[in-house]
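1. just coords:
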């Protein structure tokens, strides 16, 4: 070829190019080397990069290597793109940069450490001193009363738990501090908890509620103890304590009853099994039991009721408020007891009990009575009789019975159902007792006939009498009967504290009641008494040698504050000292004392040591009957023994 060198004249490079260019073979690939190292301390997941790329996710300790290898002489730079987050860690790369030097890079070190965060707190309401908080049972911090925040000295690692508690509550004043959201797991930021302090309100038994509410809506057939210490017992439906169950209500329990709801105690007469409700307060201030309405703006609750003589209620250091919503039954009493015997059954024990604002009467006893160990009961802010009971239960009225009510009626004991006294009875209460009846009989009656019944009245007793259709008379013994029908009246007043017999009318007036008639009444003794507003006509007589009454054209009728004798047999002739230190006032009738007994001679006089006000029409004391009549020596001796 013209102008060309022959092939053997070309250089070596040209020859090589010519050979490869002619497809003889490709040049060899350059050698590459992996980039990596080791990981330690890793607890989560991290992402590494090399030269800001080639992302590598790592989740375990040990060796790692990027997917892309580098040729010798190439630079590398290992960084952490994403730090671990669960828990939060900080990973640091050692030997992170360099150049590949003909071998794999394995010297990079990724060292991870878990982050720690401070646990802080804010404080509101702190006024006392001595507050100590702690975290995880330690790291105590004592805080002053002016503190508004705190931070624990020992940080907590991410992923670990914290538990901030109050080790010591503040005093002076005493406070209760509560930690809100005080426990959890540390994440990736500092923790802040909130401590709120409130000054303690002193626990008031019967007022302070502890937050526990127990609902009772079904009958109780086995023994139960109702917790106290501020526990609320909510009675939402009428329930019964059924024999042989006993419910014991502990001190400082608060029993709340819904409108019309009550608790019955049901003993079993057939088997004799007892059912019992025991209110076990141990101090009226610091350990009382409370019964009250569940809804102050709703209807009143019902009552506590014993249904028969085997139904026992014991109220110790107990406050009862409201109640009595029972549709008129038993005078709407908030506590009612029902006996099952001729003589009252002692089924109700009250020791330091206050009944406040009952809808009706406070306590109603039907053939029932208080136990002999009862003491101190207060009925206040009522509108009806404080206590209602039969006459034979009057002797069980507890000592220290007090009524604080706005009206006279609400400050009385009302006699209900049976006003007669047919067994020995002693009355000691100073609270007025109101008999509203057409008559009261004192003396033995079937079926428990007792001979020689005695009614004893202690100093301070007041008996009030009000008739239904006419002036009532209180008769002791029986007219014209044998002496086994004897009934004695023993009045034991004192000069400063007499026994009072008076009217039960709202506005007393002379003649409201007929008087006392000691018909067959051996053993009677009346001392330091007041007899007033008596002398009404009970249609007795004439049965004495009293004076002639021109208005009726016959001997005067036997109307007097006190009648003595039965007008027939000589079975009761009073002693001269029957009546002493007694005052008659504001009476009416023919006489102050009507002598109705028979005796051979006139007398004895009963007026010595006694005081008589104006009022009787004819005599202070008339002449009694003589067996052969009022004529002596042919002369009618009728008239006044004492003018």
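-> Yep, it's here. Everything numeric in this text was worked out from a predicted model, so none of it was measured.
2. give me the below-cutoff pLDDT ranges for the protein.
-> Along the chain, segments meeting pLDDT under 70 span 1-26, 446-448, 480-484, 569-570.
3. how is it divided into domains?
-> In the assignment given by automatic domain parsing, the structural domains of the chain cover 32-114, 116-199, 205-418, 419-643.
4. just to check, residue 530 is in contact with residue 495?
-> No. Judged on CB atoms under 8 Å, residue 530 makes no contact with residue 495 at a distance of 11.6 Å. For the C-beta atoms, the positions are set from N, CA and C on the backbone; glycine is no exception.
5. which one's more surrounded, these two?
-> Neighbour totals were compared for residue 530 and residue 495, and residue 530 leads with 17 against 9 (other CB atoms under 10 Å).
6. how near is that one to residue 295?
-> Here the criterion is CB to CB, to the nearest Å. By it, residue 530 lies 48 Å from residue 295.
7. same question for residue 286.
-> Plainly put, residue 286 is 27 Å away from residue 295 if you go by CB to CB.
8. distance of the nearest residue to residue 235 once chain neighbours are set aside from residue 313?
-> Excluding its sequence neighbours, the residue lying closest to residue 235 (CB to CB, 6 or more residues apart in numbering) is residue 257, at 4.5 Å. Separation of residue 257 from residue 313 (CB to CB): 15 Å.
9. list the buried residues in stretch 137-157.
-> Residues of stretch 137-157 classed as buried: 141, 143, 145, 147, 150, 152, 155, 156, 157 (neighbour count, 16 or more other CB atoms under 10 Å).
10. ditto for stretch 514-532
-> Buried residues in stretch 514-532, counted by 16+ other CB under 10 Å: 514-522, 524-532.
11. and for stretch 276-286?
-> For stretch 276-286, a neighbour-count test (16+ other CB under 10 Å) marks 276, 277, 278, 279, 280, 281, 284 as buried.
12. go ahead and confirm the last one touches residue 352.
-> Yes. Contact criterion CB under 8 Å: residue 284 and residue 352 qualify, at 5.0 Å.
13. which residues of the stretch 201-350 of the chain fall in strands?
-> 213-216, 224-226, 232-235, 239-242, 246-249, 254-257, 263-266, 275-280, 289-293, 304-306, 311-321, 335-338, 345-356 (DSSP state E, counting those that start in this stretch).
14. which neighbouring elements make contact with the strand or helix carrying residue 54?
-> Using DSSP states H and E, residue 54 maps to strand 53-58. Applying 3 or more CB pairs under 8 Å, 6 or more residues apart in numbering; DSSP states H and E, we find strand 53-58 packed against strand 46-50, strand 62-65.
15. got the ones you listed as CSV, with mean neighbour count and distance to residue 323 columns?
-> Shown next, in CSV, are those (neighbours: other CB atoms under 10 Å; distance: least, CB to CB, whole Å):
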stretch, mean neighbour count, distance to residue 323
strand 46-50, 21, 73
strand 62-65, 14, 80
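16. mark which of the buried residues of stretch 514-532 are part of helices, please.
-> Among the buried residues of stretch 514-532, no member is found in helices (DSSP state H).
17. got a list of what residue 139 touches?
-> For residue 139, the contact set (CB atoms under 8 Å, 6 or more residues apart in numbering) comprises 152, 153, 154.
18. so which of those is the closest to residue 263?
-> For those, the closest approach to residue 263 (CB to CB) belongs to residue 152, at 53.6 Å.
19. my guess is that closest one meets residue 119, correct?
-> Yes. Between residue 152 and residue 119 there is a contact at 4.8 Å, judged by CB under 8 Å.
20. shared neighbours, these two?
-> The contact sets of residue 152 and residue 119 overlap at residue 135 (CB under 8 Å, 6+ apart).
21. on that earlier part again, quick check: angle from the strand holding residue 54 to strand 46-50?
-> Here the directions of strand 53-58 and strand 46-50 differ by 150 degrees (axes from the mean of the first three to the mean of the last three CA atoms, to 10 degrees).
22. residues contacting strand 53-58, please?
-> 39, 42, 45-50, 64-68, 81, 110.
23. more neighbours, residue 257 and residue 313?
-> When residue 257 and residue 313 are compared on other CB under 10 Å, the one with more neighbours turns out to be residue 257, at 29 against 23.
24. so that one bridges to which residues?
-> In this entry, residue 257 is beta-bridged to residue 235, residue 293, by DSSP bridges.
25. I'd say it and residue 325 touch.
-> No. Residue 257 lies out of contact with residue 325 (CB under 8 Å); the separation is 9.5 Å.
26. okay, and the common contacts of those two?
-> Contact criterion CB under 8 Å, 6+ apart; residues shared by residue 257 and residue 325: 301, 302.
27. just to revisit the earlier point, give the buried residues for the strand holding residue 54.
-> Using 16+ other CB under 10 Å as the test for burial, strand 53-58 gives 54, 56, 58.
28. also stretch 160-168?
-> 162, 164, 166.
29. residue 83: what's it in contact with?
-> Contacts of residue 83 by CB under 8 Å, 6+ apart are 46, 89, 90, 91.
30. residue contacts, the third one?
-> Residues in contact with residue 90, defined by CB under 8 Å, 6+ apart, are 83, 112, 113, 115.
31. show me which of these is closest to residue 127.
-> Closest approach to residue 127 among those (CB to CB): residue 115, at 36.8 Å.
32. OK, contacts around that closest one?
-> Listed by CB under 8 Å, 6+ apart, the contact set of residue 115 reads 87, 88, 89, 90, 157, 158, 188.
33. distance of it relative to residue 86?
-> Distance of residue 115 to residue 86, given as CB to CB: 12 Å.
34. cool, and residue 464?
-> Residue 464 is 88 Å from residue 86, by CB to CB.
35. try residue 441
-> 96 Å.
36. quick one on the thing from earlier: ok, the strand holding residue 54: who's next to it in the sheet?
-> Strand 53-58 is paired, per DSSP bridges, with strand 46-50 (antiparallel).
37. switch the buried residues of strand 53-58 over to TSV; also include distance to residue 237.
-> Shown next, in TSV, are the buried residues of strand 53-58 (distance: CB to CB, whole Å):
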residue	distance to residue 237
54	77
56	72
58	68
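38. which ones are touching the spatially most central residue of the chain?
-> In the chain, the C-alpha nearest the mean C-alpha coordinate belongs to residue 290, at 1.3 Å (CA atoms, centre = their mean). Neighbouring residues of residue 290 by CB under 8 Å, 6+ apart: 206, 253, 254, 255, 318, 319, 320, 321.
39. tell me what the closest residue to the fifth one other than its chain neighbours is bridged to.
-> The spatially closest residue to residue 318, leaving aside those adjacent along the chain, is residue 279, at 4.4 Å (CB to CB, 6+ apart). According to DSSP bridges, the residues that bridge with residue 279 are residue 249, residue 315.
40. hmm, residue 565 is touching residue 597, no?
-> Yes. In terms of CB under 8 Å, residue 565 counts as a neighbour of residue 597; the distance is 2.6 Å.
41. do you know how far residue 156 is from residue 182?
-> Per CB to CB, residue 156 is found 13 Å from residue 182.
42. tell me the secondary structure for residue 195?
-> Secondary structure assignment for residue 195 (DSSP: H, G, I helix; E, B strand; the rest coil): strand.
43. again but with residue 544, I slipped
-> Per three-state DSSP, residue 544 ends up coil.
44. quickly note the distance from the residue nearest to residue 528 when sequence neighbours are not counted to residue 396.
-> Closest residue to residue 528 apart from its sequence neighbours, by CB to CB, 6+ apart: residue 493 at 3.1 Å. Applying CB to CB, the value for residue 493 to residue 396 is 21 Å.
45. that's all I had, so thanks and see you.
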